[in-house]
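*Asks:* Sequence plus predicted model, see below.
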Amino acid sequence: MTDFFELYDVLIDGISSDAVVTDTLIGECWTAVQTQHHFGMAMTTPVDTAPRMIYRDYTGMGLKELALASKSWNLTEAGFGMAALNAYYNTPQRLDALNAYEPFDKYCTDGVDLCGKHIGVVGHLNMPQSVYEQAASVRILERSPRPGDYPDSACDWLIPQCDVVIMTASTLVNKTLPHLLELSRNAYTILAGPSCPMCPQLLNFGIDRIAGLVITNVEGMKDKIRREISGPPYNMGKPFLLSKERL
C-alpha cells in the first residue's frame, strides 16, 4: 500500500451526507457518534498521548468532518473518527440494500474452507467453535496477550505463515491494518467486529470479507456504553457480511 492513509481516504470520501453530530459517548469498551438519523461506534482505544486533530466540541460538527479524525494518531480521538464513519456506513437501510444480513451463528467464516488451514487471529474475536475444530492451527495475536496468545509484535513472523487471517476491525482505529494487510497478501483475509465499516470499497484493499454490526437498538446501546455493561454488543443490532464472492 503506497499511501498509508488511502484506505481511510476512500472511507471518508465516500460520505455523501451533510449530517451533523448530535451526541457522542465514550466508555471503557465502545466509543459512539450519533446524528439525527445515524448511529455508529468503534472500539475505545485509551491512548490520548499524541496531539489531537480536533480541539473543539464534536457536537454540532459535520459527520464527514469528524470522520477525518479516523486518521488521527491520538487513538482516543481516532475512535470517534471511526465511529463517525460507521454512523454513515452501518445503517439498516444499507444492510437491506446490500442484502448483507448474516446470522451470528454463521458470521464471518461461513463457507470458507478452513480444514487443515493455519489461521491467524488478530485480536480476541468471538469465533465459532467450528473454526478451532477444522483448522490445523489457530494462533491469536494480541496487544494485551492472555495465556496461549502471541504478542502482536509477532505479526511479521507469524502472519505470512497463515492461510487465513481474521483481523479485528479495531485495527482501523490503532492504524495497524495497512501493515497487517501487507503481511497477509498471500492469505484469505477477513476484517471483523463492531468497528468494521459496511463499505464494499474496502474489498479493493486486499480484504476478502468484512463482517460487522449495524446497531438497531440505539438507546439500548447508548445505555450499555453509559453504564459500562460488559459483554459483546451483538444483541443490540444485526451482524452483516460483505464478501468478494457475493459482489
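*Replies:* Structure's in. What do you need?
*Asks:* Quick check: buried residues in stretch 118-134?
*Replies:* Buried residues in stretch 118-134, defined by neighbour count with 16 or more other CB atoms under 10 Å: 118-123, 125, 127, 131, 134. Every C-beta, even on glycine, is put in place using the N, C-alpha and C of the backbone.
*Asks:* residues in contact with the closest residue in space to residue 87 that isn't next to it in sequence?
*Replies:* Nearest non-adjacent residue to residue 87, counting by CB to CB, 6 or more residues apart in numbering: residue 40, 3.1 Å away. Neighbouring residues of residue 40 by CB atoms under 8 Å, 6 or more residues apart in numbering: 32-33, 82-90, 215.
*Asks:* Shouldn't residue 40 be within a strand?
*Replies:* Yes - counting by DSSP: H, G, I helix; E, B strand; the rest coil, residue 40 falls inside a strand.
*Asks:* So what pairs up with it in the strands?
*Replies:* Note on residue 40: beta-bridge partners by DSSP bridges are residue 33.
*Asks:* Going forward, the N-terminal residue is numbered 34.
*Replies:* Taking 34 as the first residue, the last one we looked at is residue 73.
*Asks:* quick one: it and residue 202, what's the gap?
*Replies:* 12 Å (CB to CB, to the nearest Å).
*Asks:* Distance from the lowest-mean-pLDDT helix or strand in the chain to the middle of the chain?
*Replies:* Using mean pLDDT, DSSP states H and E, the weakest-scoring helix or strand in the chain turns out to be helix 162-167, at a mean of 84. Relative to the mean C-alpha coordinate of its chain, helix 162-167 is positioned 22 Å out (CA atoms, centre = their mean, to the nearest Å).
*Asks:* Please save the CA atoms from that helix in CSV.
*Replies:* C-alpha atoms of helix 162-167 as CSV (Å, rounded to 0.1, in the frame of the first residue of the first chain):
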residue,chain,number,x,y,z
GLN,A,162,-16.0,-23.3,17.9
SER,A,163,-16.1,-24.9,14.4
VAL,A,164,-13.1,-22.7,13.4
TYR,A,165,-10.9,-24.4,16.0
GLU,A,166,-12.3,-27.8,15.2
GLN,A,167,-11.5,-27.6,11.5
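*Asks:* Can you tell me what sits against stretch 99-114?
*Replies:* With CB under 8 Å, 6+ apart, stretch 99-114 has contacts from 38, 41, 44-45, 48, 54, 57, 59, 64, 66, 75-87, 91, 115, 117-118, 121, 205-208.
*Asks:* can you check stretch 245-252 too?
*Replies:* 67, 72-74, 119, 123-125, 127-128, 202, 225-231, 254, 266-273.
*Asks:* Tell me which of those residues fall in strands.
*Replies:* 67, 72-74, 225, 270-273 (DSSP state E).
*Asks:* and this protein, what are its domains?
*Replies:* 39-129, 136-248+271-279 (automatic domain parsing).
*Asks:* Show me the helices in the protein, by range?
*Replies:* Assigned by DSSP state H, the helices in the chain fall at 39-46, 96-100, 108-122, 125-130, 162-167, 188-191, 204-207, 210-216, 251-259.
*Asks:* Of those helices, which stretch is the most buried?
*Replies:* helix 108-122 (a mean of 28; mean count of other CB atoms under 10 Å).
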